[in-house]
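Novice: Curious how this folds, go ahead:
(chains A, B and C)
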Amino acid sequence: MNLTVAEIAALTGGRAEGGDGRTVTGVNPAGSAGPNDLSFIDSADKAGLLASCRAAAVLMPEDAAKAAAGSSGAARIYVKNPRYAFALVLRELEKDLAPPRRSGRHPSAVVAGSASVDPEAWIGPCCVVEDGASVGPRASLDANCFVGRGASVGEGSRLRPGVSLLDRCSVGRRCTIHSGTVIGSDGYGYVRSGGRHEKIPQLGAVRIDDDVEIGANCAIDRAALDMTVIGEGTKIDNLVHIAHNVKIGRNCLILAQAGSAGSTEIGDNVVIAGQSGLSDHLKIGSNSVVMGRTGVIADLAEGSIVLGPLGRPRREFMRIEATLSKLPEIYAEFKRLRKSREDEKKNP
Amino acid sequence: MNLTVAEIAALTGGRAEGGDGRTVTGVNPAGSAGPNDLSFIDSADKAGLLASCRAAAVLMPEDAAKAAAGSSGAARIYVKNPRYAFALVLRELEKDLAPPRRSGRHPSAVVAGSASVDPEAWIGPCCVVEDGASVGPRASLDANCFVGRGASVGEGSRLRPGVSLLDRCSVGRRCTIHSGTVIGSDGYGYVRSGGRHEKIPQLGAVRIDDDVEIGANCAIDRAALDMTVIGEGTKIDNLVHIAHNVKIGRNCLILAQAGSAGSTEIGDNVVIAGQSGLSDHLKIGSNSVVMGRTGVIADLAEGSIVLGPLGRPRREFMRIEATLSKLPEIYAEFKRLRKSREDEKKNP
Amino acid sequence: MNLTVAEIAALTGGRAEGGDGRTVTGVNPAGSAGPNDLSFIDSADKAGLLASCRAAAVLMPEDAAKAAAGSSGAARIYVKNPRYAFALVLRELEKDLAPPRRSGRHPSAVVAGSASVDPEAWIGPCCVVEDGASVGPRASLDANCFVGRGASVGEGSRLRPGVSLLDRCSVGRRCTIHSGTVIGSDGYGYVRSGGRHEKIPQLGAVRIDDDVEIGANCAIDRAALDMTVIGEGTKIDNLVHIAHNVKIGRNCLILAQAGSAGSTEIGDNVVIAGQSGLSDHLKIGSNSVVMGRTGVIADLAEGSIVLGPLGRPRREFMRIEATLSKLPEIYAEFKRLRKSREDEKKNP
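Specialist: Okay, here's the model as predicted:
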């Protein structure tokens, strides 16, 4: 990457001040930026970070101009959303790191004759693509991936090394599925009969919509009969479990090691923080936040914020937790009280 | 699938009423069934679902006959366990979806000369089978599987894409191991010496008994010296961790993201619900239920039902949780009480 | 394995007593040892185990000599740390079980021309090694591994089957990475813009230092810009999640299904027990212990011991938990109290 301040302003839709002709070759946070780096501050109250900042240029919101005045020799580039602008520049830098895009298939890949692979797609080494599968334009399968019978990978999507996309499951356009993730494992469905657990065949599939990203080593189960759905723009972190028939809406964030039991429906823009769990057959309203390590065992209205082992409203949980520390003290008082009452009874 | 009502009755051991000559080609829940579908209700009190049900035929228990009378034009098939009967029909439907069974080995598979592979077994593309391993009749290794030295896969078992079955570990008959699962990773054993953690070699193995199913991306560690055991008929969900030397009994259900630390022994018919954890060296009595997100830190007697961070009896936990909401109120009262006591002391 | 008592004493730096010329061929705990086995006791108060012990020889600390006197016919080998001595003997036994070390590459492996593979390294079947990657002396890639562009595996390290080591990430010397683990998946970084989550490219990498062991199916994310670091001698169990920019010190133990959110810094000799979680941007002091199933949401001073959903000091948590059982009783008293107060008000 080698961008002038003016080019960065153009790229980010910003307005440059100073640093004419200066060139940026790297990026770094304000604290560690070197003299050829671009950096950013989120808001005016972070302007203090600039005092010792050696960056060549800094992205900042317009309203930080005053606070930042004179604080460093860096060029300023005023933008609406500095973090997003920074991400845009990182995408330029990423191009330098990324290998050239490949198309075709590695000779070690095993692709069924009836699979439909776009000529612009790439099937990497030791990948297996089964009968009737389809891989769209500019889609890319890194090494050791599996795409099952009738499964499909949409335009521009990428499966990182070691992904298993099982029979009849689909991945939309511009998705990234990270290494080791399994899409379309059987839902966990059994019925007790004669003292044994008899399997209920899981005949549905998984539908991953456009612009979804799924982290490493996740497991997304296929539906029993219809579809497990991950909605457009939803981002899932590592080691997440999604059970059969779950429907997740658009633009949700599901953080690491969280899980949802079967048939739960999650609205749009929901955040499920790390290591949380949702019981089965729930409805989680849009714009809700399930905080970290929370267990949810009942439906949540839109915009809920819940926390704790039983998914209480956050304020209630925090109030209880604050009082818990007093509990031993309260109990001591309770024992004194009970004793004095008993003494009164004896000697009234 | 194309089954007459009479054929379904025969398949499920049921008694048909109406719908002579009618043919069923699909399956669906009562709410979404179409006119060529089979559906089911579990019990008489679900008979209301039939009012708007368009299914061609419905499986139901004998005692639902009265409640269901006249509620829809569907043929009835009376069976003892409608859900199990439904599963039996799904197994017919599954045959249509499944690819024809293959035998032999894909040319890209790497099979050691000393491995014993039954002629009716299938070794899929990019699989690796090491020295002295054995793969039994009609067993099937999907793509990208690894079977280590001296490991064995029993008759009719299936490893889904990307399973690693490591050295000397065995999978019984009619098992399914889902994608990405690792069987026989080293147990987590170290001894502190000279300020470092020195590895204790893990020389045992894992024994998976017959009719076990294990979900995606699980990790089952090999024993230090003898065997980690998963008993017959036990079903394990996704992302489960089983540490070294654990012994799990028969017909247990271990749900997603649960885990057990080392050497714990679990009886028969135990349910460990999602995201729960068992400490090491415990004994969990048969027929116990560890509810969701529970931590178990002590032995459980047979038939226990426990819940919460410290695995309390469920009733006790629920009683405490119910009272927790009152805690801030109790604390306020406690402070009033203390103040009035102090006032009394000052002005007796 | 076939070792005389004298040879074991030499191997473990111990002092033998009795059993001259006796030969040991196996190892087992005191309770199950047979007449050709070596066993051990940790401390003098375990000497009771020897009464029924059939082992040929027993490792024990010097101060157990008196307690053990006359308790069994086993030869004694007095050592400083019996468990460590036992591990040393297990390493001898392990050599019998291990396959002969291989070097070179399996013909099915796909190794880029620009990759640097030491002639003493082994690249197993169906492995993929990309451009500019390096694999050091006596390093070993088992089957189905992926080593990305510019990634490196240090001297004597081993990747078990199905590991993905992604671009530019490094594994130090004498490390073991267990099956299915992913090193270098993208950090979970997005910025909200226009109602969507826009990806922040993750351009850093992961650095695994020497003598690290990582369990099965873990996910270690690459840093956004610099390095996620796993310090020397740290041991990680199965299904652990390490987010971007986390720095873990030396000789830590991170147990199964634990996780850390982004940018948290963990000191040396820290223990994070199973299913625990650390919030982002924390500092965890050296020698701290996060007990099982604990959530940590604030910095921890050196040597902290914390427990419970909010990571309270262990003593405090246990005191609260003990009192919790009394809570329903306290609440009943509280209601009586409130009622009597109201009665007094009515009838003063």
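Novice: any idea how far residue A:12 lies from residue C:218?
Specialist: Noted for residue A:12: a distance of 36 Å to residue C:218, by CB to CB, to the nearest Å. C-betas here are computed from N, CA, C, even on glycine.
Novice: Same question for residue A:209.
Specialist: Distance of residue A:209 to residue C:218, computed by CB to CB: 28 Å.
Novice: between these two, which one's more packed in?
Specialist: It is residue C:218, of residue A:209 and residue C:218, that has more neighbours when counted by other CB atoms under 10 Å in any protein chain shown, with 31 against 20.
Novice: In this structure the more buried one contacts residue C:179, no?
Specialist: No - in this structure, residue C:218 is not within contact of residue C:179 by CB atoms under 8 Å, at 10.2 Å.
Novice: Can you pull the residues of the stretch 1-150 of chain A lying near chain C?
Specialist: Contact residues (CB under 8 Å from any CB of the partner chain) of the stretch 1-150 of chain A with chain C: A:27-29, A:32, A:81, A:83-84, A:86-87, A:90-91, A:93-94, A:97, A:99, A:106, A:108, A:124-126, A:142-144.
Novice: got it, and the stretch 201-348 of chain A?
Specialist: Neighbours of chain C within the stretch 201-348 of chain A, by CB under 8 Å from any CB: A:211, A:213, A:215-217, A:233, A:235, A:237-239, A:251, A:253, A:255-257, A:274-275, A:292-293, A:308-309, A:321, A:324-325, A:327-328, A:330-331, A:334, A:337-338.
Novice: which of those count as buried?
Specialist: Among those, those classed as buried by 16 or more other CB atoms under 10 Å in any protein chain shown are A:211, A:213, A:215-217, A:233, A:235, A:237-239, A:251, A:253, A:255-257, A:274-275, A:292-293, A:308-309, A:321, A:324, A:327, A:330-331, A:334, A:337.
Novice: tell me the contacts of residue A:163?
Specialist: Shown in contact with residue A:163 (CB atoms under 8 Å, 6 or more residues apart in numbering or on different chains): A:141-142, A:145-146, A:177-183.
Novice: so which of the residues you listed are also by chain B?
Specialist: When contact is defined as CB under 8 Å from any CB, the contacts of residue A:163 meet chain B at A:146, A:180, A:182.
Novice: Tell me how many other residues surround residue A:26.
Specialist: 19.
Novice: in the sheet, who's paired with it?
Specialist: Beta-bridge pairing for residue A:26 (DSSP bridges): residue A:37.
Novice: how close does it sit to chain B?
Specialist: Distance, residue A:26 to chain B, by CB to the nearest CB, to the nearest Å: 36 Å.
Novice: What pLDDT is listed against that residue?
Specialist: Looking at residue A:26, its pLDDT reads 90.
Novice: so what's it up against?
Specialist: A:1, A:34, A:36-38, A:93.
Novice: So which residues of chain A form helices?
Specialist: A:5-12, A:65-68, A:82-97, A:314-324, A:327-346 (DSSP state H).
Novice: Nearest to chain B among the contacts of residue A:26?
Specialist: residue A:93 (32.0 Å; CB to the nearest CB).
Novice: Nearest spatial neighbour of the closest one, chain-adjacent residues omitted?
Specialist: Using CB to CB, 6 or more residues apart in numbering or on different chains and skipping residues adjacent in sequence, the residue nearest residue A:93 is residue A:1, 4.6 Å away.
Novice: Look up how far residue A:73 lies from that neighbour.
Specialist: Distance from residue A:1 to residue A:73, by CB to CB: 21 Å.
Novice: So which of the two has more stuff around it?
Specialist: residue A:1 (17 against 14).
Novice: which residues touch that one?
Specialist: Neighbouring residues of residue A:1 by CB under 8 Å, 6+ apart: A:24-26, A:89, A:92-93, A:95-96.
Novice: cool, and residue A:239?
Specialist: With CB under 8 Å, 6+ apart as the criterion, the residues that contact residue A:239 are A:215-218, A:256-257, B:217, B:239, C:217, C:219, C:239, C:241, C:259.
Novice: how about JSON lines for those, with distance to residue A:51 and pLDDT added?
Specialist: Putting those into JSON lines (distance: CB to CB, whole Å; pLDDT from 0 to 100) gives the following:
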{"residue": "A:215", "distance to residue A:51": "37", "pLDDT": "98"}
{"residue": "A:216", "distance to residue A:51": "39", "pLDDT": "98"}
{"residue": "A:217", "distance to residue A:51": "43", "pLDDT": "98"}
{"residue": "A:218", "distance to residue A:51": "43", "pLDDT": "98"}
{"residue": "A:256", "distance to residue A:51": "35", "pLDDT": "98"}
{"residue": "A:257", "distance to residue A:51": "39", "pLDDT": "98"}
{"residue": "B:217", "distance to residue A:51": "47", "pLDDT": "98"}
{"residue": "B:239", "distance to residue A:51": "47", "pLDDT": "98"}
{"residue": "C:217", "distance to residue A:51": "45", "pLDDT": "98"}
{"residue": "C:219", "distance to residue A:51": "38", "pLDDT": "98"}
{"residue": "C:239", "distance to residue A:51": "44", "pLDDT": "98"}
{"residue": "C:241", "distance to residue A:51": "36", "pLDDT": "98"}
{"residue": "C:259", "distance to residue A:51": "36", "pLDDT": "98"}
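Novice: Go through these and flag which are in strands.
Specialist: Within these, residues falling in strands by DSSP state E are C:219, C:241, C:259.
Novice: The nearest residue to residue A:282 once chain neighbours are set aside: how many residues sit nearby?
Specialist: Leaving aside its chain neighbours, residue A:282 sits nearest to residue A:264 (4.5 Å; criterion: CB to CB, 6+ apart). Other residues within reach of residue A:264, judged by other CB under 10 Å, total 21.
Novice: Cool, thanks, talk later.
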